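# sequence and predicted structure, then a few things I'm wondering about:
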Amino acid sequence: MRPIKHAERGLTLIAGGLFNAIQSVNKYKPNPSFIPKWSDKPLLKSWQKSKPTLGWPRTTDSLCPNCVIEAREEIFSGKKDVSVLINEKVGEIKATIVERDGQIWMIKDCPVHGHFEDMMAIDSRFLTHIEKMFPGRDIDAHNDEKLHNHGSSTVKYGRGAVLTVDLTNRCNMMCDPCFMDANQVGFVHELSMQEIKEILDNAITIKPRRQMSVQFSGGEPSISPHFIEAIRYSRKVGYNSVQAATNGIEFAKSKEFCREAAAAGLRYVYLQFDGIGNDANSHRQVGNLFDVKMRAINNLHEAGVEIVLVTTLVNGINNDQVGSIIRFALDNPKKIAFLSFQPVSFTGRDEEITEQRRLQQRYTLSHLAHDVKQQVGITEPTRDWFPLSLMGAFADFADLVHGPEAEWGQVSCGCHPNCGVGTAVMIDKETKEMRPVPEFLNIPGLVKDMQKITDAARGKWMSNLMMGLALLKHYNPYNAPSSFSLYQLFKKFDKSFGLTGKDYGKVSGDRTTQDIDVRRSDRWNFLFIAGMWFQDLFNYDFRRTEMCIIPYGTQEGEISFCAYNTGIGWRNIIENMHQNATVAKWYQEHGRHEIFAGGKDVELADKSHSLILNEVDLARPNKPQMEGPKTAHEEAVMMRKLYQEMVLKQQLQTNEADKPVQIKGLSRKKEEPAEAEAVLV
């Protein structure tokens, strides 16, 4: 062990004693909170932060899966006006969250459609740990009445962390599952540049006006004709983090497109990434999709764009890939900045999933924490994972230090503790030595002391001094990577929150390639491993919706991610209200865009890449083997077969049983029974 580690350990002990001594005085007569320029309400002390009811058993407000679908159809058919979603509690029922056999379940009953239940955690201890760490809600949303007006689904707290804007519902793939049911709704909904500007202009009027990542999504955002201009405009109005949620196809095909996007201000891509190797991506029905991902990563990194790998995890389909993807990131620390695992939400094409497949494929945040330990051998589920909302405590401290004249508040992840969790690994980019951050930094203790500093509100430099002592107090140099030092710890913290004003490379709209190079020159990669679990109709909780940190910016205001994509289904309603044209008419006027499905390959001029791949992970030795239908399409095929065998059995000749049923509804005479025309296969 390097001698410097012993010296650092001595400093941590001295710092701990000094912090405690100063804090014994500092806690008396805290300074009042100021009102910053970006809010009409004062910063909150830790004890002023509100919390939803947590623990179990507890009762909350949820939705009946069947009532919601029926209500949505009534709106589409014109029987009811969309205003009922604002003025009435459509489809709402009570739900109870209980512990059962060491697991957490949501149980609810509809007087019309009966009993529903679904798993929320395989390990009650894990969710108990996560909920206990929740620091409280952010400042109430205000100056937002026109944009936050969606009945029970209205966002009420904070500003959010990621403003999502769907540029188009067109896509160049046909995935199952798919949040937005892309390419399947019969019409095109695509924002004009004027609409994009209006959404972004509206977004900066809501308070607290915090920095957010603006994420352009879809469909596939890169096929929108306004993609580049939208990125440029986001930077112009003041957002310093613009990202695209993408399958990577367009970026893999063209280095020039990557450079153009980077020059416009694209800082991150949220790259759809289901696993290592083409087999792990085969359910997306693109023959060479993994090759596409490799080229996209190569091209984007070369252009100066950072990569966040985003994985939808489905139990029995690709849950074996948790370890493979983390190892891939650890092997390529210069190119992978962030991992975002997203347990499946049964919505879009999967909204009417059978109960059997739902319970088989359900994957929760507790599954993720246990899989990281079992597949990679790092982190303890009930020690090293924290709610994403814990980052709000860091944002509160940074808001204090930046003072009342700051134009923007810090990014704050104030979501419900059931929504998202995270942990982190520090990696040496040169040697690839790594260590989970909670092993050498006492996160719970640091957060508690940081809240004490923020509550005291002693001013910038006194607060920074106390923060430095708190970092020292909770740092264990013996458990840190061998070349990691106290200087690197302070530098990482300062780089993330800009506390001292030192230049680590700009991230604002006027950043240059030199700024990108400066930020990348940091030897250490703070690899964040996050889990974000979006709701579906079976586990819906309005306490989560009202605290959403990923609002959708739309022509009808800003709506919670889960209320938009599932819940009552604001996506379906708004896209119908503002559709541009039917698919047929769109194709007539604009031509068809290319779609990769049915095993079709993406044509790549160059398949080479410089990424390191693990041969064992490529071979996929622990591939899950799930029985029965695995997708909505396979379920539809199964139901069609059952219909043929059970309902039409007497109409079919024995030797014709395996032939497809021929529906002749279009050629039947008008006087024939209407029921015959309505038979579907």
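Everything's here; your move.

# shaky segments in the stretch 51-200 of the chain?
Low-confidence segments of the stretch 51-200 of the chain (pLDDT under 70): 176-184.

# which residues in it form strands?
Secondary structure of the stretch 51-200 of the chain (DSSP state E, counting those that start in this stretch): strands at 58-63, 92-100, 103-110, 114-121, 162-166, 187-188.

# what strands flank the shortest one, and is each parallel or antiparallel?
Strand 187-188 has its sheet partners listed here by DSSP bridges as strand 581-582 (antiparallel).

# got phi/psi on the nearest residue to residue 338 once chain neighbours are set aside?
In this structure, residue 338 finds its nearest non-sequential neighbour in residue 308, 4.1 Å apart by Cβ to Cβ, 6 or more residues apart in numbering. Glycine gets a C-beta too; all of them are placed from N, C-alpha and C. Main-chain dihedrals, residue 308, degrees, to the nearest 10: phi -110, psi 120.

# residue 308 pairs with what?
residue 270, residue 338.

# for the helix or strand residue 330 falls within, buried residues please.
In this assignment (DSSP states H and E), residue 330 forms part of helix 321-331. Residues 321, 322, 323, 324, 325, 326, 327, 328, 329, 330, 331 are the ones in helix 321-331 that count as buried (16 or more other Cβ atoms under 10 Å).

# same deal with stretch 155-173?
Residues of stretch 155-173 classed as buried by neighbour count (16+ other Cβ under 10 Å): 155, 157-173.

# distance from the chain centre to it, please.
Taking the mean of its C-alpha atoms, stretch 155-173 sits 10 Å from the chain's own mean (Cα atoms, centre = their mean, to the nearest Å).

# and residue 193, what is it in contact with?
Applying Cβ atoms under 8 Å, 6 or more residues apart in numbering to residue 193 gives the contacts 226, 229, 230, 233.

# of the residues you listed, closest to residue 561?
The closest of these to residue 561 turns out to be residue 230 (Cβ to Cβ; 19.2 Å).

# quick check: which element contains that closest one?
Short version, using DSSP H and E: residue 230 is in helix 227-236.

# what sits up against that helix?
With contact meaning Cβ under 8 Å, 6+ apart, helix 227-236 is reached by 165, 167, 193, 196-197, 200, 214, 216, 221, 224, 242, 244, 260-261, 264-266, 508-509.

# got the buried residues for the longest helix seen in the chain?
Once the chain is assigned using DSSP state H, the helix that runs over the most residues is helix 3-26. Residues 5, 8, 12, 15, 16, 19, 22, 23, 26 are the ones in helix 3-26 that count as buried (16+ other Cβ under 10 Å).

# also stretch 269-285?
Buried residues in stretch 269-285 (16+ other Cβ under 10 Å): 269-278, 280-285.

# and what of stretch 83-98?
Quick answer for stretch 83-98 (16+ other Cβ under 10 Å): 85, 90, 91, 92, 93, 95, 96, 97, 98.

# distance between the ends of that stretch?
One end of stretch 83-98 to the other measures 34 Å (Cα to Cα, to the nearest Å).

# centre of the chain to that stretch, how far?
24 Å.

# can you list contacts of that stretch?
Residues contacting stretch 83-98 (Cβ under 8 Å, 6+ apart): 56-64, 67-68, 71, 75, 104-110, 120, 149-153, 540-542, 568, 570, 573.
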